[in-house]
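A.B. asks: My questions are about this predicted structure, shown below with the sequence.
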Amino acid sequence: MATELAQRLGGARRLVVVMVLGFASGLPLALTGGAMQAWLTVEGLDLVTLGFLALIGVPYTFKFLWAPLIDRFDIPLLGRRRGWIVLLLFALALALMGMSSMSPAQGIGMFAAVAVAVACLSATLDVVVDAYRTDLLQPNERGLGGSVTVLGYRLAMVLSGGISLIWAEQWGSWPQVYRTMAAILGVLGVIALVSMPRLPQRFAEVARTPAWHELRGFLGLVAGVALGAWLARCLLQMVGVDVDSGDRWIRLAVLLVQIAGAMTLGGLATRWLRFQTLDDSLRSYFSMRGAWAFLALVVLYKVGDAFALSLSTPFLIKGVGFSQTEVGLANKTVGLLMTIVGAIIGGFFLLRVKLSSAVLGFGVLQLVSNFGFYALAHLGAEAWGTLTVPAFNLFIVHLPEPTPMDSLLLFALSLDNFAGGMGTAAFVALLTGLCGTRFSATHYALLSAFASLGRVFVGPPAGVMADAWGWPAFFLVSVVVGIPGLVMAWWMREQVDATMRQRTPEQT
């Protein structure tokens, strides 16, 4: 009896810690995404520029390239994974303080550079948190662990991407909002330091390649990426392309060529200089049966949702004409409630149905939710009138007095948050099951990085399409591009269910 009680208490503690870390991991995302878009929209930046600034999120896509350093090195005394989490939370707090001291209107280049640094730190935090959760949870806890992770992550995004808009309008100061978020991350760093359980000893027993070999491989990778982008730009100039053209389509083409050059030369550099941990971890993943098919599923599953959300904040504020307070209040109240409901229902289903059924069913709902934004783009504000949301207080979220809100806005945001909460819970459970223990940081980073391809790289074409074709066509395209992911989820039903089995050390 005592042993069973201790196991249950240990499991409850693990889930609480996972939810708090999910919150910490999710908080910075909107601060280089939706919240930053709102700040820059108020500052008067044009839609095409906002679309290109979505590339600030590139570190989320390429985080698997430096994830091997997390697998290879630990912070002394604090334990595997734990030290990195604490260090990164404090570093993020300092970086956000730096952003709060800058004016984007007076120096967008420097502001974007600091935002990229925040994104790098945030992406690295995601790597460590995902690896820690993968190592910490038992196989039977993965479904519920994915659900509470999504709950924490979404709560953080509502705070940084919803409530922050209300604060910005009430305080009249985006810098003050960013200073507040920096303080919250500092507090979370202290909480992580004192509350995170240490991982079992077996997770500390990792291969120790010489440190210089790892650093040499990583520095070679960085140099290859920079050189590849520069050479691609020079090549375009040699063939007569105006790389500084103001034409939006030429700007997009130049950007894509530079990305291709950076990836090509960066990949060759890692092969020449032997980035051993990266090579070993990727080899261990791709030795798994169906590895390439899973990678395709990961890329395609969230791309429709990512496409629709890539410019959602400028759409609601500039495209439809809602105020920052209206958008923030809708996200803070009904949006947050639907996030909680979606996460709870998603966790309930994950305990009772096959993972493949959840992935497919939640994916369909995720895609259908894009029609809410299409209706808003097509019909406009007040098309469905207003709805008075009664006052309520549920501790986590409350509305102090009855408030009229646009009915269609509430519908679109509610559907998106509900579907997103469910779909991401199933997705996290799938990714966790695909990771080996020895290289859990790199494996999860690789998979989640590919999952973020849509969110990051649809930004530039999304801005161009929305500007050229209009918002209704933009959201219809978001539905179309999401269909291949559902086809992959249906085709891989048996392989998806197989990921829920316990993996042995030999399989990692």
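C.D. replies: Here it is on my side, so go on.

A.B. asks: all contacts plus neighbour counts: C-alpha atoms, from now on.
C.D. replies: Fine.

A.B. asks: Not counting sequence-adjacent ones, nearest residue to G290?
C.D. replies: Excluding the flanking residues, the one nearest G290 by Cα to Cα, 6 or more residues apart in numbering is Q495, at 7.7 Å.

A.B. asks: Spit out the contact partners of T424.
C.D. replies: T424 is in contact with G146, S147, V150, counting by Cα atoms under 8 Å, 6 or more residues apart in numbering.

A.B. asks: Any chance of a PyMOL selection covering the buried ones in those residues?
C.D. replies: Selecting the buried subset of the contacts of T424 in PyMOL, with 16 or more other Cα atoms under 10 Å as the burial test, is done by:
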select buried, resi 146+147+150
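
A.B. asks: Present the contacts of T424 as TSV; the columns should include pLDDT and secondary structure.
C.D. replies: Listed next are the contacts of T424 as TSV, based on pLDDT from 0 to 100; DSSP: H, G, I helix; E, B strand; the rest coil:
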residue	pLDDT	secondary structure
G146	71	helix
S147	74	helix
V150	75	helix
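
A.B. asks: so which of the contacts of T424 comes closest to P461?
C.D. replies: Comparing those against P461 with Cα to Cα places V150 closest, at 27.9 Å.

A.B. asks: Pull the contacting residues for the closest one.
C.D. replies: By Cα under 8 Å, 6+ apart, the contact set of V150 is M19, G22, A343, G421, T424, A425.

A.B. asks: Unless I misread the structure, the residue nearest to G290 falls within a strand.
C.D. replies: No - judged by DSSP: H, G, I helix; E, B strand; the rest coil, Q495 forms no part of a strand; its state is helix.

A.B. asks: mind putting the contacts of T424 in JSON lines, distance to L350 included?
C.D. replies: Below are the contacts of T424 laid out as JSON lines (distance: Cα to Cα, whole Å):
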{"residue": "G146", "distance to L350": "9"}
{"residue": "S147", "distance to L350": "8"}
{"residue": "V150", "distance to L350": "13"}
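
A.B. asks: quick check, nearest of the contacts of T424 to S323?
C.D. replies: Distance to S323, by Cα to Cα, is smallest for V150 among the contacts of T424, at 27.5 Å.

A.B. asks: and that closest one, how far is that from M36?
C.D. replies: Remark: distance between V150 and M36 (Cα to Cα, to the nearest Å) = 22 Å.

A.B. asks: What of L265?
C.D. replies: Distance of L265 to M36, given as Cα to Cα: 31 Å.

A.B. asks: and the closest residue in space to E494 that isn't next to it in sequence, what does it touch?
C.D. replies: Setting aside the residues directly before and after it, E494 is nearest to S356 in space (Cα to Cα, 6+ apart), at 7.3 Å. For S356, the contact set (Cα under 8 Å, 6+ apart) comprises A489, W490, M492, R493, E494, V496, D497.

A.B. asks: what is the mean pLDDT for stretch 185-200?
C.D. replies: Across stretch 185-200, the average pLDDT comes to 84.

A.B. asks: which parts of it are buried?
C.D. replies: So for stretch 185-200, counting by 16+ other Cα under 10 Å, buried means L185, G186, L188, G189, A192, L193, M196, L199.

A.B. asks: how about the strands in the stretch 401-508 of the chain?
C.D. replies: 403-406 (DSSP state E, counting those that start in this stretch).

A.B. asks: For it, which segments are assigned as helices?
C.D. replies: For the stretch 401-508 of the chain, the helices defined by DSSP state H, counting those that start in this stretch occupy 407-433, 440-451, 453-457, 459-469, 471-480, 483-491, 493-498.

A.B. asks: Include distance to N370 when you put the buried residues of stretch 185-200 into CSV, please.
C.D. replies: Formatted as CSV, the buried residues of stretch 185-200 follow (distance: Cα to Cα, whole Å):
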residue, distance to N370
L185, 32
G186, 35
L188, 33
G189, 36
A192, 36
L193, 40
M196, 37
L199, 40
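
A.B. asks: circling back: which of the contacts of V150 lies closest to A462?
C.D. replies: Nearest to A462 among the contacts of V150 is T424, at 22.2 Å by Cα to Cα.

A.B. asks: A223 is in contact with M263, isn't it?
C.D. replies: No - judged on Cα atoms under 8 Å, A223 makes no contact with M263 at a distance of 11.2 Å.

A.B. asks: who has more neighbours, the two?
C.D. replies: M263 (19 against 15; other Cα atoms under 10 Å).

A.B. asks: Contact partners for that one?
C.D. replies: Taking Cα under 8 Å, 6+ apart as the test, what M263 contacts is V225, G228.

A.B. asks: sec struct for it, please.
C.D. replies: helix.

A.B. asks: Which parts of the protein belong to which domain?
C.D. replies: According to automatic domain parsing, the chain comprises the domains 10-199+275-507, 208-274.

A.B. asks: Point out the most buried one among these.
C.D. replies: Mean neighbour count (mean count of other Cα atoms under 10 Å) peaks for domain 10-199+275-507 among these, with a mean of 21.

A.B. asks: That one: how far from the chain's middle?
C.D. replies: Remark: domain 10-199+275-507 is offset 3 Å from the chain centroid, using Cα atoms, centre = their mean, to the nearest Å.

A.B. asks: before we move on, back to that, mean pLDDT lowest where, among the domains of the chain?
C.D. replies: Among the domains of the chain, domain 208-274 scores lowest, at a mean of 74.

A.B. asks: Hmm, A269 and G220 touching each other?
C.D. replies: Yes - using Cα under 8 Å, G220 makes contact with A269 at a distance of 5.7 Å.

A.B. asks: Excluding residues flanking it in the chain, which one is nearest I340?
C.D. replies: That would be L151: by Cα to Cα, 6+ apart, it lies 6.2 Å from I340.

A.B. asks: Tell me who's in contact with the one you found.
C.D. replies: Applying Cα under 8 Å, 6+ apart, we find L151 in contact with M19, G22, F23, T339, I340, A343, G421.

A.B. asks: next one: G34
C.D. replies: Neighbour list for G34: G161, L311, S312, T313 [criterion: Cα under 8 Å, 6+ apart].

A.B. asks: so the first one touches G26, yeah?
C.D. replies: No - with contact defined as Cα under 8 Å, G161 and G26 do not form a contacting pair (10.1 Å).

A.B. asks: can you give me the strands in the stretch 251-400 of the chain?
C.D. replies: All strands of the stretch 251-400 of the chain, identified by DSSP E, counting those that start in this stretch, fall at 386-389, 392-393, 398-399.

A.B. asks: Check which helices and strands the helix or strand harbouring V58 sits against.
C.D. replies: Using DSSP states H and E, V58 sits within helix 58-62. Judged by 3 or more Cα pairs under 8 Å, 6 or more residues apart in numbering; DSSP states H and E, the packing partners of helix 58-62 are helix 108-136, helix 440-451, helix 453-457.

A.B. asks: same thing but at 7 Å, please
C.D. replies: With contacts taken as 3 or more Cα pairs under 7 Å, 6 or more residues apart in numbering; DSSP states H and E, helix 58-62 sits against helix 108-136, helix 440-451.
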